[in-house]
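>>> just the structure for this:
(one chain, ligands or ions: 2)
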Amino acid sequence: MYIVTAKEMYDWDRKSIEEAGMDGKLLMENAGRAVAGQVEKQVRSDQYIIVLIGAGNNGGDGFVIARTLLNKGYAVKAWQLVPDEKIKGDALAHKQLYLGAGYELDHLTEVNQLFRELDQADVVIDAMLGIGVEGKLKSPFDQVVAYVNQTQAYKIAVDIPTGVPADEGVTEFDGLQADYTCIIAAPKMSVFLQHTAPFYGEWEVVEIGLPPLKLNKPSQSLWERYKAIASLPKRNPFSHKGTHGKGLLIGGSYLMPGSIALSARAALRSGAGLATVASPGSAWPSVSSHIPEATAVDAKEVNGMLAGRLDVDFSNFDAIALGMGMGRSNASQEIVRQVMEEADVPVLIDADGLHHLKEFLEVLKNRNRPTILTPHPGEMAGLLGITVPELLARPFERGRRFACSHGVYLVLKGPATIITAPDGTQVVESSGNAGLAKGGSGDVLSGILLALVMQSESISEALCNGCFLHGKTAELLTGERYSQSDLLATDLIEGLSQSFRTFSI
Ligand SMILES: NC(=O)C1=CN([C@@H]2O[C@H](COP(=O)(O)OP(=O)(O)OC[C@H]3O[C@@H](n4cnc5c(N)ncnc54)[C@H](O)[C@@H]3O)[C@@H](O)[C@H]2O)[C@@H](O)CC1
Ligand SMILES: [K+]
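Ligands and ions are numbered 1, 2, ... in the order given. All right, here's what the predicted structure looks like:
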């Protein structure tokens, strides 16, 4: 499923009408009917529904929704919030169909009159403004949105909650706080941004008859369950441990042995054939007690942290994951540089590895094999030299620019993880829940990603599937034995079995 900007959505609309011969009024009819169908699944026939209608095509959708629900016998009142002359084009055509059907339309003259009605409503359908919103809400929308937000009614937004921008970059706005949003044709970018996503509530996408073969393909899409099921690695009955990849995990320190143990264990639980750990000798007994299946290589240490160069032939491995629990000692930096310059295999860098890498980002360009960086927003902001709010205001654009200019795969972690390939293609993986917001879950992800990179033809697919498994495991576990509060990273690793049984079929 593609994710669109407002511009891309308007382009789809134009192409469908001008090039594929679709009719704008028909698209609006389809959109309104599809939304009404979803509304029906959520309301009872004895509930009182108010449809709030604005000036643009979002309002046009509102006329179709109101007419369709009235046709079906629901108790609906439609309120037009703008003067008659503002309603034009396809929206006007649908207003005429609504009136032609003999239904009543209320006009806003005095907001308190509407507010009294809103107090009685069980359900409010927001067809005020869609993706055409510009700047801060003007009257009467600012007052109506503020009032609706504090009513008890169940709030359904059409396409996008009024006031919420479709694109990234706008952080100052007043938006309608929806319980549910019925999105038209494709999710907009703001569905996945931390400052806008909460306004959507639950959401679904409805199909409205746009012709997919005639539409430009946006560079962003959403990773979905069916894609994961089709592309997760399958075990070949004639395989041996070498077939599934030999991974080297570099990290851990005397006071932080857990991270690298979690990563190694997660890698083996995710199908890696072999996991070898390069950690300080002083940390190894603790690491090996958690993961007896892993082997170790000798590594020098100073004060319990990796130091100097590793005496390892990197070509003996299929991929490397670097940085988990490594610590930020300057003495460890040399190893990061060595791996970047000498390892001719895919390398994933996480956590403290990213801290060290920041000092010599220019090495990334010289690598011949894929490099994967897996920062959380704080680490990404550090790599870019900006603040976290600056990053989160435009994560798609910032992430794309970084991945393209440094030639890396970027896994920008968050409630919606954005995975960017060096060519700028972006995939959002949005599974998981707040149970993952805990120390150690990033280490588990690094291990899963390492394992999948070694077992997949496509790095992008491996990264999407790794994030999918990580998130889905949290969802499965918190739906059963655990809650989001008590879930631990170690539980996640043991829960991977359940995800593989569910999705890798
Ligand atoms: N293929 C498509 O693109 C389709 C789009 N449809 C609907 O059309 C919507 C987009 O339609 P429009 O482009 O007409 O945009 P809107 O419906 O968002 O309306 C834009 C209008 O709202 C007013 N406005 C903008 N910013 C405002 C502000 N800050 N305060 C107060 N008023 C403001 C202006 O009068 C502007 O003309 C979509 O969200 C969707 O609901 C559907 O009808 C079906 C087809
Ligand atoms: K809306």
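
>>> residues touching Thr5, list them.
By C-beta atoms under 8 Å, 6 or more residues apart in numbering, the contact list for Thr5 reads Ala166, Asp167, Lys188, Met189, Pro218. From N, CA and C alone the C-beta is placed, and that goes for glycine too.

>>> and the fourth one, how many neighbours?
Neighbourhood size, Met189 [other C-beta atoms under 10 Å]: 25.

>>> tell me who's in contact with it.
Taking C-beta under 8 Å, 6+ apart, we find Met189 in contact with Ile3, Val4, Thr5, Ala166, Asp167, Glu168, Gln220, Phe396.

>>> just name the closest of those residues to Tyr48, please.
Using C-beta to C-beta, Ala166 comes nearest to Tyr48 of the contacts of Met189, at 30.2 Å.

>>> what's the neighbour count on that closest one?
Neighbour number of Ala166 under other C-beta under 10 Å is 24.

>>> in helices, which of the contacts of Met189 fall?
Among the contacts of Met189, DSSP state H puts Phe396 in helices.

>>> closest to Cys182 among the contacts of Thr5?
Closest to Cys182, out of all of the contacts of Thr5 and judged by C-beta to C-beta, is Lys188, at 12.7 Å.

>>> and that closest one, how many neighbours?
The number of residues packed near Lys188 is 28, by other C-beta under 10 Å.

>>> first-to-last residue distance for stretch 154-169?
End-to-end span of stretch 154-169 (C-alpha to C-alpha, to the nearest Å): 29 Å.

>>> and what of stretch 479-498?
12 Å.

>>> what's in contact with the helix or strand harbouring Leu268?
According to DSSP states H and E, Leu268 maps onto helix 258-269. Residues from elsewhere that reach helix 258-269 (C-beta under 8 Å, 6+ apart): 247, 249-252, 275, 277, 279, 283, 286-287, 290-291, 293-294, 321, 324-325, 351, 440, 443-448, 450-451, 489-490, 492-494, 496-497.

>>> quick one: Ser483 is in a strand?
No. According to DSSP: H, G, I helix; E, B strand; the rest coil, the state of Ser483 is coil, so it is not within a strand.

>>> what does the pLDDT read for the nearest residue to it once chain neighbours are set aside?
Once flanking residues are discounted, Ser483 sits nearest to Gly435: 7.4 Å by C-beta to C-beta, 6 or more residues apart in numbering. Turning to Gly435, the model gives it a pLDDT of 94.

>>> now, of the contacts of helix 258-269, which are buried?
When the contacts of helix 258-269 are checked for burial by 16 or more other C-beta atoms under 10 Å, the buried set is 247, 249-252, 275, 277, 279, 283, 286-287, 290-291, 294, 321, 324-325, 351, 440, 443-448, 450-451, 489-490, 492-493, 496.

>>> how about the most centrally placed residue in the chain: what's its closest non-neighbour residue?
Note on the chain: the residue nearest the mean C-alpha position is Ala416, at 2.6 Å, using C-alpha atoms, centre = their mean. Distance criterion C-beta to C-beta, 6+ apart; nearest residue to Ala416, sequence neighbours excluded, is Phe192 at 3.8 Å.

>>> how many neighbours does the one you found have?
24.

>>> do stretch 59-74 and ligand 1 meet at all?
Yes. Using C-beta under 6 Å from any ligand atom, we find that stretch 59-74 touches ligand 1 at Gly59, Gly60, Asp61.
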